[in-house]
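1. This is the structure alone, sequence omitted:
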């Protein structure tokens, strides 16, 4: 496990340029042109907002810390860099990513507990068979090359908050910024500390004048209200902004990267006005039920792909026995599989999922 971002696979294997990401998307679009034309989806960022909200709904049932939800969303985004979403059961993937993220972040929950809570949310899409979730977990790990360590901007944000003396409200809005950035391509473009600096910059510069962040956040339904500021508060904000500018000049931080992050987030909040949860849900339901009814399957022959791409195909007895045996053998080799209480630690950022 890499102890820092720069030596981690997140930096060496999962950072791209904008053109590279566009190439990935174009290549996926060329694979199944007929599916894309027949079942159009909302703009990628709107679809990511929807997926992130669904993960947040599941996370709320477990009261997990925000980095777990961020890790789960990163797993989902990495998977869909390689696999066309129209070929999958997105809800099964979301549950699998959450289940895996809990184990990676050392806050595991029992597979049956995760399935039970998930079926309360998406009973039509999630099978009660634990073997299916276990098989999908193996598929997810394989597609992301077993590179599971994810570094988040929350830790550098805490350090920056202390450095610049952010108020509780300002720190909360900066966390909103970070929560929301998972719906963009920023996690694939910039290291966590750049995103954290961008969050602080947005809070201290854009928010006081434009209030851009006041309506932000799939994970924050009721962000702190922007109240009328007194002269003393305005002076304090100006001092913090001036201190930030001087620090950026003197440090080696990629200022152009910070600016690009802020601009990308402002663009996200603008398009957020077009977001409709019902529309995204209807689009996903439409193509998924179509795939089931017409028995569309991917070209891979492995059983794991069949489970990931369709929940409703009934397994035969031999398949159930085989999958169950694999999951049980894996469980015996993983004592962390059982649920344990959440413990606060020095690595914890202190934020929990806010819905």
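-> Nice, thanks for sending it over. This one's a predicted model, so the numbers in the text were calculated from it and none came from an experiment.
2. Can you verify my assumption that residue 114 contacts residue 96?
-> No: using C-beta atoms under 8 Å, residue 114 makes no contact with residue 96, being 9.0 Å away. For glycine as for every other residue, the C-beta is placed from the backbone atoms N, C-alpha and C.
3. Which residue comes closest to residue 147 once chain neighbours are left out?
-> residue 9 (4.0 Å; C-beta to C-beta, 6 or more residues apart in numbering).
4. Next up, phi/psi of the nearest residue to residue 31 once chain neighbours are set aside, please.
-> Nearest non-adjacent residue to residue 31, counting by C-beta to C-beta, 6+ apart: residue 84, 6.1 Å away. According to degrees, to the nearest 10, the main-chain angles of residue 84 amount to phi -70, psi 130.
5. so what's residue 84 up against?
-> Under the criterion of C-beta atoms under 8 Å, 6 or more residues apart in numbering, the neighbours of residue 84 are 28, 31-32, 35.
6. In this structure residue 279 contacts residue 42, no?
-> Yes: in this structure, residue 279 is within contact of residue 42 by C-beta under 8 Å, at 6.4 Å.
7. which residues does residue 36 contact?
-> Here residue 36 is in contact with 29, 86 (C-beta under 8 Å, 6+ apart).
8. same thing with residue 91?
-> Contact analysis of residue 91 by C-beta under 8 Å, 6+ apart lists 54, 118, 122, 125-126.
9. Quick check: residue 284 vs residue 24, distance?
-> Counting by C-beta to C-beta, to the nearest Å, the gap from residue 284 to residue 24 is 21 Å.
10. Could you pull out the residues contacting both of residue 114 and residue 96?
-> Shared contacts of residue 114 and residue 96 (C-beta under 8 Å, 6+ apart): residue 133.
11. which one of these two has more residues nearby?
-> Taking neighbours as other C-beta atoms under 10 Å, residue 114 and residue 96 compare with residue 96 leading, 29 against 23.
12. Okay, and the spatially most central residue of the chain sits in which element?
-> The structure's the chain has its C-alpha centroid closest to residue 73; by C-alpha atoms, centre = their mean the separation is 2.0 Å. Using DSSP states H and E, residue 73 sits within helix 66-82.
13. Could I get the average pLDDT for that helix?
-> When pLDDT is averaged along helix 66-82, the result is 95.
14. Then stretch 134-149?
-> Mean per-residue pLDDT for stretch 134-149: 94.
15. do the same with stretch 38-49
-> Across stretch 38-49, the average pLDDT comes to 90.
16. ok, and what's touching that stretch?
-> With C-beta under 8 Å, 6+ apart as the criterion, stretch 38-49 contacts 25, 50, 77, 85-86, 182-184, 218, 268, 271-272, 274-275, 279-280, 283-284, 286-287, 290.
17. and if we set it to 10 Å?
-> 25, 32, 50, 73, 76-77, 80, 85-86, 90, 180, 182-185, 217-218, 264, 267-268, 271-272, 274-277, 279-280, 283-284, 286-288, 290-291 (C-beta atoms under 10 Å, 6 or more residues apart in numbering).
18. Flag every buried residue along that stretch.
-> Residues of stretch 38-49 classed as buried: 39, 41-42, 45-49 (neighbour count, 16 or more other C-beta atoms under 10 Å).
19. ends of that stretch, how far apart?
-> 22 Å (C-alpha to C-alpha, to the nearest Å).
20. sorry, back to before: which member of the contacts of residue 84 is positioned nearest residue 248?
-> Proximity of the contacts of residue 84 to residue 248 (C-beta to C-beta) peaks at residue 28, which lies at 37.1 Å.
21. Quick check: mean pLDDT of stretch 158-165?
-> Per-residue scores along stretch 158-165 average to 92.
22. brain fart, stretch 112-123
-> 94.
23. What are the contacting residues of that stretch?
-> Residues outside stretch 112-123 that contact it (C-beta under 10 Å, 6+ apart) are 54, 57-62, 89-92, 94-96, 98-99, 102, 108-110, 125-130, 132-133, 311, 339.
24. pLDDT weak spots in the stretch 201-350 of the chain?
-> 207-235, 290-350 (pLDDT under 70).
25. now do 80
-> Counting by pLDDT under 80, the stretch 201-350 of the chain shows low-confidence ranges at 206-238, 288-350.
26. For the helix holding residue 73, name the packing helices and strands.
-> helix 18-31, helix 44-62, helix 90-104, helix 130-143, helix 154-164, helix 168-181, helix 186-189 (3 or more C-beta pairs under 10 Å, 6 or more residues apart in numbering; DSSP states H and E).
27. Quick one: these as JSON lines, columns for distance to residue 195 too.
-> Formatted as JSON lines, the helices and strands packed on helix 66-82 follow (distance: least, C-beta to C-beta, whole Å):
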{"stretch": "helix 18-31", "distance to residue 195": "15"}
{"stretch": "helix 44-62", "distance to residue 195": "15"}
{"stretch": "helix 90-104", "distance to residue 195": "19"}
{"stretch": "helix 130-143", "distance to residue 195": "24"}
{"stretch": "helix 154-164", "distance to residue 195": "8"}
{"stretch": "helix 168-181", "distance to residue 195": "6"}
{"stretch": "helix 186-189", "distance to residue 195": "6"}
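28. Out of these, flag the one nearest residue 238.
-> Between the helices and strands packed on helix 66-82, helix 154-164 lies closest to residue 238; by C-beta to C-beta that is 12.4 Å.
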